[in-house]
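Trainee: show me the folded form of this:
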Amino acid sequence: MRAKYVVIGVVLGLLLLSAAVVLAGSLDSPGSPTDAAAQMYTVEQIYNQLDTGAAATKMTTFTEPSAGPDSTGRTLDEVMGLAMAVGNPDPPCFDNTNRYVDCGNGTVNDTVTNLIWLKNANCYGALNYAAANNAAAGLEDGECGLTDGSSPGDWRLPTKEEWETTLARAVELGCESPSLTDTPGTGCYSAGTQPFTGVMTYSYSSSTSDAVNPDYAWYVDLSYGYLVGYYNKVIGNAVWPVRAGQ
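Mentor: Numbers count the residues shown, from 1 in each chain. This is a model prediction of the structure:
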């Protein structure tokens, strides 16, 4: 995400530089084409960086295009449109029946907690606290079945309080193995329709450290819906990322 924002900054910087040149009344090059001060990225390279992450090298020479702009490059409107779309993942989806709504892009919206969950609840296996948080923070479109337009930095681990809210109804219903509700939210996951895939019936990490012993953290045991503190952060637990919904 940070790299993409840097690229966006480059685009805006080029636009500001162009305006400054016009106001200054000088079109002189800062140097020869092989001079480092004169080398620059093309608009096409910036567009491709935003679109696919393709690496680019600054241009050191100029070749007259053989055709018009429609076949040789991108307009500034195209570049700005893509830049504005970067970092804006798909919004939550809704229906009039269910607590959990499958958005069809690798995510499931929980209309009770307003969290968007990764549909695949077992993409990473067991990771320690730091590795789990880093994995969730690096999750993006194209990984773990996602087609939601998300970027690194959009996802994270649930907090202790978010886990408590997520499990509350299932605990009231006596749901076990796993302690989650079904898609409508009116029955137990194991007996009803299931909104997620790969749900494990053991411990999942939270992002919340223990206040007394910061080298320990909270995790949830989905076998019975227990939230348990005081697990050492070096111990591996399952990873289930979420991102903000509404």
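
Trainee: tell me where this protein has helices.
Mentor: 2-24, 43-52, 69-72, 76-85, 129-138, 160-173 (DSSP state H).

Trainee: for the last one, packing partners?
Mentor: Which is helix 160-173. With contacts defined as 3 or more CB pairs under 8 Å, 6 or more residues apart in numbering; DSSP states H and E, helix 160-173 has these neighbours: strand 203-209, strand 216-221, strand 226-232. Bear in mind the C-beta positions are built from the backbone N, C-alpha and C, glycine included.

Trainee: how about a cut-off of 6 Å?
Mentor: On a contact count with 3 or more CB pairs under 6 Å, 6 or more residues apart in numbering; DSSP states H and E, helix 160-173 meets strand 203-209.

Trainee: please name every helix or strand in contact with the strand it packs on.
Mentor: helix 160-173, strand 216-221, strand 237-238.

Trainee: again, 7 Å this time
Mentor: helix 129-138, helix 160-173, strand 216-221, strand 237-238 (3 or more CB pairs under 7 Å, 6 or more residues apart in numbering; DSSP states H and E).

Trainee: same list (the ones you listed) but as TSV, adding mean pLDDT, distance to residue 114 and mean neighbour count.
Mentor: Shown next, in TSV, are these (pLDDT from 0 to 100; distance: least, CB to CB, whole Å; neighbours: other CB atoms under 10 Å):
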stretch	mean pLDDT	distance to residue 114	mean neighbour count
helix 129-138	98	18	18
helix 160-173	96	10	18
strand 216-221	95	18	22
strand 237-238	96	23	24
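
Trainee: for those, which one sits closest to residue 118?
Mentor: helix 129-138 (8.6 Å; CB to CB).

Trainee: contacts for stretch 174-190, please.
Mentor: For stretch 174-190, contacts defined as CB atoms under 7 Å, 6 or more residues apart in numbering pick out 97-100, 112, 167, 169-171, 173, 191-195, 199, 201, 222-225.

Trainee: just the buried ones out of the residues you listed, please.
Mentor: Buried by 16 or more other CB atoms under 10 Å: 98-100, 167, 169-171, 173, 192, 195, 199, 201, 222, 224-225, out of these.
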